[in-house]
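Novice: Let me see the structure of the following:
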Amino acid sequence: MDLFPHIPIITAMKISAFGEKFTAKSGILELMDDLGKAVAGDEKVCMLGGGNPAQIDEVQEVWRKRLFALLGDGSLEKALVSYDTPQGRHSFLEAVSGLLKENFGWDIGPANIAITNGSQPAFFILFNLFAGMNAEGVKKKILFPLCPEYIGYADQGVEEDIFTTCPASIEEIDEFTFKYHVDFSKLELSDDIGAVCVSRPTNPTGNVISDDEVKQLSELAESADVPLIIDNAYGAPFPRIIFEDVNPFWNKNTILSMSLSKIGLPSVRTGIIVANPEVIEAVSSCNAIINLANVNIGQVLTESMFRSSEILEISRDKVMPFYRNKSIQAQEWIRKYMPPQVDYRVHKSEGAIFLWIWFKNLSITSRELYERLKKRKVIIVPGEYFFFGLEKDWEHSRQCIRLNYSQDEASVEEGIRLIAEEAAKAVNS
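Specialist: Numbering: from 1, shown residues only. The predicted structure is shown next:
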């Protein structure tokens with residue numbers, strides 16, 4: 001049975017191994033395809049899949065005012081007809097590095113910042129810089145110390161088998177909530193590890209590793225002489241979709257990836273990398289070959305907000321409270337609609353725009369639940385895709401789903417109601 005009947009399969013072309021790999025079916029392709037079809041169609045769909053952020057009225061008004069200001073002084077037109085350097089717009093690099101240095105005391109300047117066309121290309125570059133066959137003939141891998149991890153990483157390697165993951169330990173907090181932790185007792189940085197990578201908050205679960213866990217990971221990476229990559233797409237200091245009291249982290253052995261997407265600008269495709277100058281030069285070189293130059297609209301739109309620290313204020317006062325309230329409301333709906341015969345837990349919501357539900361007694365996998373829900377016009381993401389790189393089978397990987405709670409209240413509530421209905425039908429009797 002073809003699980004992806006809506007995705008065309010390229011069969012006629014004679015293509016390379018690279019072509020075979022990157023035209024094959026993948027979780028991220030299915031996710032984005034479902035997202036696009038749902039948005040384009042006429043039927044009402046409860047779109048709880050994908051990572052599309054919400055439209056927050058107060059934040060939208062900020063972008064509206066900025067666009068009018070740029071139109072008024074001609075800055076937008078100038079940006080549209082100008083290439084920036086492969087590293088990024090120099091004035092924007094100054095603004096970002098200045099904000100981070102002034103507010104967090106980091107010893108950085110423009111040479112520590114590079115811009116990419118969104119976080120996804122940033123990780124394609126970073127993973128393939130540090131993993132795969134090196135000049136000494138040793139195949140290096142990226143280690144994810146907390147599994148499950150982001151679906152968009154899974155197919156980023158040009159070479160096969162460049163990812164390895166460490167299953168999280170599970171703490172059942174109460175009869176509604178659980179939490180993943182880095183299992184340091186099983187975490188080992190062998191000689192074939194080229195970098196360590198973790199998202200904070202973690203996509204898909206909303207987990208936030210603590211300051212102590214970050215420090216431990218940093219020390220492990222440094223002792224192994226490999227970088228620690230932190231995906232901060234949802235984290236502090238911006239867009240600050242993080243509900244725990246934790247501190248932003250960076251040092252010279254850390255590669256910090258940030259983005260303008262989740263602050264409300266997903267389509268401007270602006271990724272921000274903070275790293276040592278050697279890494280920045282390497283990323284810029286890759287940018288020149290892959291992209292020639294970066295999209296500069298996001299940089300122009302937000303530069304003054306970085307200079308004034310307004311980006312931090314918006315994140316703290318508008319973005320974070322909005323999503324925290326959305327998360328609380330969605331969890332209340334889960335408690336309301338999920339029938340008692342369904343044995344489930346929701347991962348402690350510490351950040352990001354997702355809830356992660358673990359079903360402990362269903363007779364079907366999360367993949368099958370996804371297919372049933374899609375027929376009822378509810379789009380979620382099955383958990384299997386987030387457990388890549390495991391050395392051993394883990395039943396837990398087939399028991400979880402991710403849902404995006406950021407969309408309109410009616411869609412989220414109805415979607416949760418239908419998820420509960422389908423879960424009840426699938427209880428293992």
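Novice: in the chain, which spans are helices?
Specialist: Taking DSSP state H as the test, the helices found in the chain are 17-23, 27-40, 57-73, 75-80, 90-104, 119-130, 211-223, 277-290, 297-308, 310-314, 320-337, 366-375, 409-425.
Novice: So which of these is nearest residue 176?
Specialist: Minimum separation from residue 176 across the helices of the chain (Cβ to Cβ) falls at helix 320-337, 6.7 Å. Glycine gets a C-beta too; all of them are placed from N, C-alpha and C.
Novice: Mind putting the helices of the chain into TSV with distance to residue 263 and mean pLDDT?
Specialist: As requested, the helices of the chain are exported to TSV (distance: least, Cβ to Cβ, whole Å; pLDDT from 0 to 100):
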stretch	distance to residue 263	mean pLDDT
helix 17-23	29	77
helix 27-40	19	63
helix 57-73	7	93
helix 75-80	19	85
helix 90-104	13	97
helix 119-130	13	95
helix 211-223	22	97
helix 277-290	22	95
helix 297-308	8	95
helix 310-314	7	97
helix 320-337	10	98
helix 366-375	29	96
helix 409-425	20	97
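Novice: Can you add distance to residue 242 and give those back as CSV?
Specialist: CSV is the format used below for these (distance: least, Cβ to Cβ, whole Å):
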stretch, distance to residue 242
helix 17-23, 33
helix 27-40, 23
helix 57-73, 16
helix 75-80, 31
helix 90-104, 15
helix 119-130, 16
helix 211-223, 12
helix 277-290, 25
helix 297-308, 19
helix 310-314, 13
helix 320-337, 7
helix 366-375, 26
helix 409-425, 20
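Novice: can you pull the pLDDT of the residue most central in space within the chain?
Specialist: Averaging the C-alpha coordinates of the chain gives a centre point, and the residue nearest to it by Cα atoms, centre = their mean is residue 203 (5.0 Å). At residue 203, the predicted lDDT confidence score is 94.
Novice: Equivalent analysis for residue 225, please.
Specialist: The model's pLDDT for residue 225 equals 97.
Novice: again, but for residue 295
Specialist: Per-residue pLDDT puts residue 295 at 88.
Novice: again, but for residue 24
Specialist: You'll see residue 24 listed with a pLDDT of 73.
Novice: Give me the contacts around the longest strand anywhere in the chain.
Specialist: The longest strand of the chain (DSSP state E) is strand 139-147. Here strand 139-147 makes contact (Cβ atoms under 8 Å, 6 or more residues apart in numbering) with 127, 130-134, 153, 157, 159, 161-168, 180-182, 187, 189, 192-198, 202, 207, 209, 217, 229, 386-387, 389-390.
Novice: can you tell me which of those residues are in strands?
Specialist: Counted as lying in strands by DSSP E, out of the contacts of strand 139-147, are 132-133, 163-167, 180-181, 193-198, 229.
Novice: Which of these sits closest to residue 96?
Specialist: Nearest to residue 96, judged by Cβ to Cβ, of the ones in strands among the contacts of strand 139-147 is residue 229 at 18.0 Å.
Novice: so the closest one touches residue 126, yeah?
Specialist: Yes: applying Cβ atoms under 8 Å as the test, residue 229 and residue 126 come out as touching, 6.0 Å apart.
Novice: Could you name every residue contacting both of the two?
Specialist: The overlap between the contact sets of residue 229 and residue 126 (Cβ under 8 Å, 6+ apart) consists of 195, 255, 257.
Novice: TSV for the residues you listed, including pLDDT?
Specialist: Shown next, in TSV, are those (pLDDT from 0 to 100):
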residue	pLDDT
195	98
255	98
257	97
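Novice: Let me have those in a markdown table, adding neighbour count as columns.
Specialist: Shown next, in a markdown table, are the shared contacts of residue 229 and residue 126 (neighbours: other Cβ atoms under 10 Å):
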| residue | neighbour count |
| --- | --- |
| 195 | 20 |
| 255 | 23 |
| 257 | 22 |
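Novice: now, which of these sits nearest residue 312?
Specialist: Set against residue 312, the nearest of the shared contacts of residue 229 and residue 126 by Cβ to Cβ is residue 257 (17.9 Å).
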